[in-house]
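Undergrad: here is a sequence with its predicted model. Questions after.
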Amino acid sequence: MKFIKFLLVGIVFGIVLTKSEAVSWYRIYEMFHFQSFHMFGIIGVAVVTGVIGIQLIRRRNIKDITGQPIVIADKEKGFTGYLVGGALFGLGWGLVGTCPGPIFILIGAGFWGVGVILLGALAGTYLYGLLKNKLPH
Amino acid sequence: MYSFYGTWPWYISGFLIGAVMLTLIYFGKTFGMSSNLRSMCSILGAGRTSEFFRFDWKAQRWNLTVVLGAALGGWLAVTFLSDGSGVNLNPKTVTELQHMKIDAPDGKLLPDALTGTEALQSPKILGILLIGGLLVGFGTRYAGGCTSGHAITGLSNLQLPSLIAVIGFFIGGLLMSWLLLPLIFN
């Protein structure tokens, strides 16, 4: 039963990403060519909402659902991994137009071909696991 | 004009995505979709050959549930909440795509040139999907997150590493979209 709330959050997320067309290969292409404000608007408003929300949580010491203080872990310091890993992901994002969330959303929406992207993404994740200790981070 | 059954406006969508992230924080979790790929590798037995996948994926079941919900949400959206009027691109974009022989959206979310029945029988297209997926999987793990973990959560929490990662996303994306894509589709 405790999983129901996560299922509901997921459903909202899936609907919003589909209806805003952030899952669309076309919208990603349009974004990278700066031919529409749409995607920048989505990410921008999401971040502004997030910044305000996190500030409110901090300043008012809002507790989480179980009454524990909310702690959002800082990302580990680093540079190379973030930039190079980010650029490799960007190459994939620009090519097939899907970040990890939309891969699952699109499969749910009936685009079976995206299953091939999922296979690739699992293989890529596995490959990273094999090479992790040899890569600069 | 915006319609509930057409494209949702960016300011509503962006706000709702921010709200999803904050809701997960309120539930004591963090918003990050690419972690699920790691969990799935572990479930599939990747821990036998790589230490990176030996972790307690069961603690990540909540996130796998989010992803299951997301897939369900995708189905609900296309089945009940769409009138087929969406994806109205900049006409300039459509012309550019035409030059690469990529079909116009006409309400579709994805081009048939990429995921249509015919395309999925082409070894070249299958290779593109596989390599694209590979880059997404490898890159997000190497960068420690994707659009949800870095661009939304990390930037919202004013994290410098996330800004570096997002700059990386755009370096890769611009390179692909402007230089490589026209070479791949011609």
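TA: Sure thing, it's come through. Numbers count the residues shown, from 1 in each chain, chains lettered A, B, ... in the order given.
Undergrad: where is the longest helix in chain A?
TA: helix A:38-59 (DSSP state H).
Undergrad: okay, now the unreliable bits of chain B?
TA: Along chain B, segments meeting pLDDT under 70 span B:1.
Undergrad: how does it look with 90?
TA: In the predicted model of chain B, residues B:1-3, B:84, B:186 satisfy pLDDT under 90.
Undergrad: what comes up buried for the longest helix of chain A?
TA: By 16 or more other CB atoms under 10 Å in any protein chain shown, the buried positions in helix A:38-59 come out as A:38-39, A:41-43, A:45-50, A:53-54, A:57. To be clear about C-beta, it is placed using only N, CA and C from the backbone, and glycine gets the same treatment.
Undergrad: what ranges do the helices span in chain B?
TA: B:10-26, B:35-43, B:61-80, B:91-99, B:112-115, B:123-143, B:155-156, B:160-174, B:181-184.
Undergrad: and of the ones you listed, who's closest to A:Thr98?
TA: When those are compared by CB to CB, helix B:123-143 sits nearest A:Thr98, at 6.7 Å.
Undergrad: the closest one near chain A at all?
TA: Yes. Under the criterion of CB under 8 Å from any CB of the partner chain, helix B:123-143 makes contact with chain A via B:126, B:128-143.
Undergrad: specify the angle between that helix and helix B:160-174 in degrees.
TA: If you take axes from the mean of the first three to the mean of the last three CA atoms, to 10 degrees, helix B:123-143 sits at 160 degrees to helix B:160-174.
Undergrad: for the longest helix of chain A, the averaged confidence score.
TA: On average, the pLDDT along helix A:38-59 is 97.
Undergrad: and the next helix or strand past it?
TA: helix A:80 (DSSP states H and E).
Undergrad: packing partners for whatever helix or strand comes next after that following helix?
TA: Heading C-terminal from helix A:80, the first helix or strand you meet, by DSSP H and E, is helix A:86-96. On a contact count with 3 or more CB pairs under 8 Å, 6 or more residues apart in numbering or on different chains; DSSP states H and E, helix A:86-96 meets helix A:25-32, helix B:123-143, helix B:160-174, helix B:181-184.
Undergrad: hmm, try it at 10 Å
TA: helix A:25-32, helix A:100-108, helix A:114-131, helix B:112-115, helix B:123-143, helix B:160-174, helix B:181-184 (3 or more CB pairs under 10 Å, 6 or more residues apart in numbering or on different chains; DSSP states H and E).
Undergrad: got any ranges where chain A has weak pLDDT?
TA: For chain A (pLDDT under 90), the answer is A:1-2.
Undergrad: at the geometric centre of it, which residue sits there?
TA: A:Gly101 (5.6 Å; CA atoms, centre = their mean).
Undergrad: and it, what is it in contact with?
TA: A:Gly101 makes contact with A:10, A:13-14, A:17, A:22-23, B:17, B:31-34, B:36, B:66-67, B:70-71, B:74, B:146-149, B:152 under the criterion CB atoms under 10 Å, 6 or more residues apart in numbering or on different chains.
Undergrad: does any part of stretch B:92-109 sit near chain A?
TA: Yes. With CB under 10 Å from any CB of the partner chain as the criterion, chain A is reached by stretch B:92-109 at B:92-94, B:96-97, B:100, B:102-105, B:108-109.
Undergrad: buried subset of the residues you listed?
TA: If we count by 16+ other CB under 10 Å, these have these buried: B:93-94, B:96-97, B:102-105, B:108-109.
Undergrad: ok, which pair from those residues is furthest apart?
TA: B:Glu96 and B:Leu109 (18.4 Å).
Undergrad: what angle do the helix or strand containing A:Ile11 and helix A:38-59 make?
TA: Per DSSP H and E, A:Ile11 falls inside helix A:4-19. Interaxial angle of helix A:4-19 relative to helix A:38-59 (the same axes, to 10 degrees): 150 degrees.
Undergrad: do helix A:4-19 and chain B meet?
TA: Yes. Using CB under 10 Å from any CB, we find that helix A:4-19 touches chain B at A:4-19.
Undergrad: B:Thr117 - how many residues pack around it?
TA: 9 (other CB atoms under 10 Å in any protein chain shown).
Undergrad: pretty sure it is touching A:Phe111, no?
TA: No. The pair B:Thr117 / A:Phe111 is not scored as a contact, 11.3 Å apart, by CB atoms under 10 Å.
Undergrad: shared neighbours of the two, which are they?
TA: The contact lists of B:Thr117 and A:Phe111 share no entry, where a contact means CB under 10 Å, 6+ apart.
Undergrad: which non-adjacent residue is nearest residue 108?
TA: Picked chain A for this. Nearest residue to A:Gly108, sequence neighbours excluded (CB to CB, 6 or more residues apart in numbering or on different chains): B:Ala71, at 2.9 Å.
Undergrad: switch to chain B, that's the one I care about
TA: What sits nearest to B:Lys108 in space, not counting adjacent residues and going by CB to CB, 6+ apart, is B:Val87, at 6.6 Å.
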